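# task: produce atomic coordinates for the following.
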Amino acid sequence: MTCQESPINRVSNVSNLKHLVLICICVFALASAAAAAEPVSLKASGNEKWYKGNLHTHSLWSDGDDYLEMIADWYKTHGYDFLSFTDHNVLSTSERWTVPEKNKGKLHAYQELKKRFPNWVEERKNKDGQIEVRLRTFKEVSEKLGEPGQYLLIQSEEVTDHFKNLPVHMNATNLHSLLTPLGGKSVYDVMQNNTNALLAQRERSGKSMMIHLNHPNFHYGVTAEDLMKVIGENFFEVYNGHPGVNNKGDETHASTDRIWDIILTKRLAELKLPVMYGLGTDDGHNYHKIPSRGSEPGRGWVVVLSKKLDAESLVDAMEAGRFYSSSGVKLKSVTYTDQGVQVEIEPEEGVEYITDFIGTLEGYPKTGTPVLDKRGLEVRATKHYSNKIGRRLKTVKGNSASYDFNGKEIYVRALVRSSKPHPNPAQIGEVERAWVQPVVGPAAPKQ
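Below you'll find the predicted structure:
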């Protein structure tokens, strides 16, 4: 799905850009509101296929410990269909050299690179007699390892910004050119400014591209109240594979699942903004001691239903909600109708599944309570809200699960939990899961 053509020929200032964003919102909101009105079946059939991919990846171009081609090769040989490189505030488009002895991969990464690609590595010696290796560009790696219709690499960036000491990181997918972090007067302002910049580039380039918030609980930088207000940003990471980003939250801070439910309720029922979709990602940095407690590949991903394996088709499909996120559970299909939601699981032998349908019903208490520390002082954290927001509406055991609307739902989403432990989890004790994207319910105010 793409935005309608703006009546403005060129976005040249903030006022015009906001107008463009509002046009996009109208289209997405109408699509979301209509999702339950006409049956939508997300299932591989005909020329539509499920494509598995990771949208958050780091390399030696920033703070990862391996070369682009080695990382791309890992994902390709482990059954992925697409991969986004998202190094911090850089696109791998220029000439850059690295000293293996000094970079994060050390000599081990260099030796493995030469072993895997013996006639590919470009070397020289610097004035100190040390070997330098040229970091291959995105274009070079894509041409070497990409295969049309089989394996796709996507040029992206982690726009790494902050407000005071609070990190605000956003991934921009399928970029045409680098986005420079713009900062802002608040966490919300930082997110809105960088979102506006991506939308402006999208308008200029004519390319489908998207932006999403990374790991909101990383140093607990972003609250639900910050994110829910951002216009034009409709994705965030409900699962990030880095062990240090606090997906589960703690006694003071809400989990990312809880943040999602608060945002969905507020956006749909009060702010009249579109659905916020939840992504699963790796945030890979460490590639040499798998499995370990490093930030490693293979922990979380998205599975997108698309007619084509190209970047614009994938972005368009995700903007239409035609995907699910996973840390191991596979789905056969998801069906949305005006009657409810049905989920069909691709079962693994010996594994049991439980599906929770989660949502908020009309009449929920709207006011949140600030979080206080032991001294009674307010803590910067997502507020405490009633457990009627994001409540468990139904639980189903088995390989098939369905939920029928009763007319009171603002939204409904599904979380599938398996009995199988995650083989290399972000946080100890995780089981494999799948996050089904939310559908707007019959009680949501008309957009």
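# per-residue confidence averaged over stretch 254-262?
Taken as a whole, stretch 254-262 carries a mean pLDDT of 98.
# just the residues contacting that stretch, thanks.
For stretch 254-262, contacts defined as Cβ atoms under 8 Å, 6 or more residues apart in numbering pick out 216-217, 223-224, 227-228, 236-240, 247-249, 276, 278, 358, 360, 368, 381-382, 385, 389-390, 413, 415. (Glycine included, C-beta is placed from N, CA and C.)
# and the buried ones among the residues you listed, selectable in PyMOL?
In PyMOL, this line selects whichever of the contacts of stretch 254-262 come out buried by 16 or more other Cβ atoms under 10 Å:
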select buried, resi 216+217+223+224+227+228+236+237+238+239+240+247+248+249+276+278+358+360+368+381+382+385+389+390+413+415
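# can you count the residues close to L361?
Using other Cβ atoms under 10 Å, L361 is surrounded by 19 other residues.
# residues touching it, list them.
Contacts of L361 (Cβ under 8 Å, 6+ apart): 388, 391, 393, 408-410, 443.
# helix, strand or coil for K388?
Assigned by DSSP: H, G, I helix; E, B strand; the rest coil, the conformation of K388 is coil.
# is I263 within a helix or a strand, and which one?
helix 256-266 (DSSP states H and E).
# what's the next secondary structure element after that helix?
Per DSSP H and E, the helix or strand that comes after helix 256-266 is strand 277-281.
# where does the prediction get shaky in this structure?
Across the chain, the ranges flagged by pLDDT under 70 are 1-37, 447.
# could you chop it up by domain?
Per automatic domain parsing, the structural domains of the chain span 14-90+139-337, 97-134.
# would you enumerate the residues in contact with the residue nearest to the spatial centre of the chain?
With distances taken as Cα atoms, centre = their mean, L279 lies nearest the centre of the chain, 3.5 Å away. Applying Cβ under 8 Å, 6+ apart, we find L279 in contact with 55, 212, 235-239, 302, 325.
# one more time with 6 Å, if that's ok
The neighbours of L279, taking Cβ atoms under 6 Å, 6 or more residues apart in numbering as the test, are 212, 235, 237, 302, 325.
# most neighbours among those, please name it.
E237 (29 neighbours).
# before we move on, back to that, from P442, how far out is the residue nearest to the centre of the chain?
Distance, L279 to P442, using Cβ to Cβ, to the nearest Å: 26 Å.
# and what of K207?
Taken as Cβ to Cβ, the span from K207 to P442 is 36 Å.
# roughly how far does K49 sit from E432?
The value you get for K49 to E432, if Cβ to Cβ is used, is 22 Å.
# which of the two has more residues huddled nearby?
Using other Cβ under 10 Å, the more surrounded residue of K49 and E432 is E432, with 21 against 15.
# mind giving me the packing neighbours of whichever strand or helix holds that one?
Taking DSSP H and E as the definition, E432 sits inside strand 431-440. On a contact count with 3 or more Cβ pairs under 6 Å, 6 or more residues apart in numbering; DSSP states H and E, strand 431-440 meets strand 323-326, strand 330-336, strand 409-421.
# out of those, flag the one nearest A109.
Nearest to A109, of all these, is strand 323-326, at 28.5 Å by Cβ to Cβ.
# just checking, what packs against that closest one?
strand 277-281, strand 301-306, strand 431-440.
# so which of those strands is nearest L175?
From those, taking Cβ to Cβ, the stretch that ends up closest is strand 277-281, at 16.7 Å.
# mind listing the strands the closest one pairs with, and their directions?
strand 235-240 (parallel) (DSSP bridges).
# need the residues that contact the partner strand.
With Cβ under 6 Å, 6+ apart as the criterion, strand 235-240 contacts 212-215, 256, 260, 277-281, 283, 300, 327, 435.
# which among those residues gets closest to Q111?
Using Cβ to Cβ, D283 comes nearest to Q111 of the contacts of strand 235-240, at 25.5 Å.
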